[in-house]
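Visitor: Have a look at this prediction, sequence included:
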Amino acid sequence: MAAMLIQPLLIGGYLPGLSGWLGRRAHHWIGGALVVAVVIHVAGLWITSPPDMIDALLFQSPTPFSPFGVIAMWAIFAVALLATLRRRLALRLRTWRIAHMLLAIVIVAGSVAHAVLIEGTMETVSKVALCALVLAAATKVLAELWMRMKRGTSRGQSVARQ
């Protein structure tokens, strides 16, 4: 969840010293690290309980947090696949940004719901606080990017923040 908090802050230019090109590079690397973390998480769950993983992947798990995690996982994989194949698929930048933003919404919402519903992984107050920060950062940056896209402002031009 901490890496998910950093992702929108990098793209929004809110981390000192990591704006522009450097922020985008860090965003790419952290996104790749998130994919690896999800693969390790799922592999660990598979090793400890294959039947539970099959139930989760087939949306037959009795646990309420499972479907949110599975949906977020597939959205993370979809973003990674689109990012990897973006040039080969000749996706226009606007198309890529819209797809990425929509999938980011699914990833954030699914991950937050997944984390909040799991009991015992983190202390409740810190978990809810971190999830609230992730939601707030993602909402703020996605709204700014959406407005920037609607105005037609390119990434290279500066946009005054209010």
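Guide: Here it is on my side, so go on.
Visitor: Thought residue 27 was touching residue 11, still the case?
Guide: Yes. If you go by Cβ atoms under 8 Å, residue 11 and residue 27 touch, sitting 5.5 Å apart. Backbone N, C-alpha and C define where each C-beta goes, glycine included.
Visitor: the more surrounded of these two?
Guide: residue 11 (23 against 17; other Cβ atoms under 10 Å).
Visitor: Now that one: which helix or strand?
Guide: helix 2-12 (DSSP states H and E).
Visitor: Show me what counts as buried in that helix.
Guide: Neighbour-count burial for helix 2-12, with 16 or more other Cβ atoms under 10 Å as criterion, is recorded at 4-12.
Visitor: Please apply the same query to stretch 36-49.
Guide: 38, 42.
Visitor: what about that stretch, distance to the chain center?
Guide: Centroid separation for stretch 36-49 versus its chain: 18 Å, with Cα atoms, centre = their mean, to the nearest Å.
Visitor: before we move on, what about stretch 119-130?
Guide: So, by Cα atoms, centre = their mean, the centroid of stretch 119-130 is 19 Å from its chain's centroid.
Visitor: Now do the end-to-end distance for that stretch.
Guide: With Cα to Cα, to the nearest Å as the measure, stretch 119-130 spans 15 Å from end to end.
Visitor: contacting residues around that stretch?
Guide: 1-2, 5, 115-116 (Cβ atoms under 8 Å, 6 or more residues apart in numbering).
Visitor: give the contact list for residue 133.
Guide: residue 5.
Visitor: And the residue of the chain positioned farthest from its centre, how far from residue 82?
Guide: Within the chain, residue 51 marks the point farthest from the mean C-alpha position, 26.9 Å out by Cα atoms, centre = their mean. Going from residue 51 to residue 82 by Cβ to Cβ, to the nearest Å gives 32 Å.
Visitor: can you check residue 96 too?
Guide: 7 Å.
Visitor: Then residue 63?
Guide: 29 Å.
Visitor: Kindly report the same for residue 118.
Guide: 28 Å.
Visitor: same check, this time on residue 54
Guide: 27 Å.
Visitor: The two: who's more crowded?
Guide: When neighbours are counted by other Cβ under 10 Å, residue 54 and residue 82 differ, and residue 82 comes out ahead with 16 against 12.
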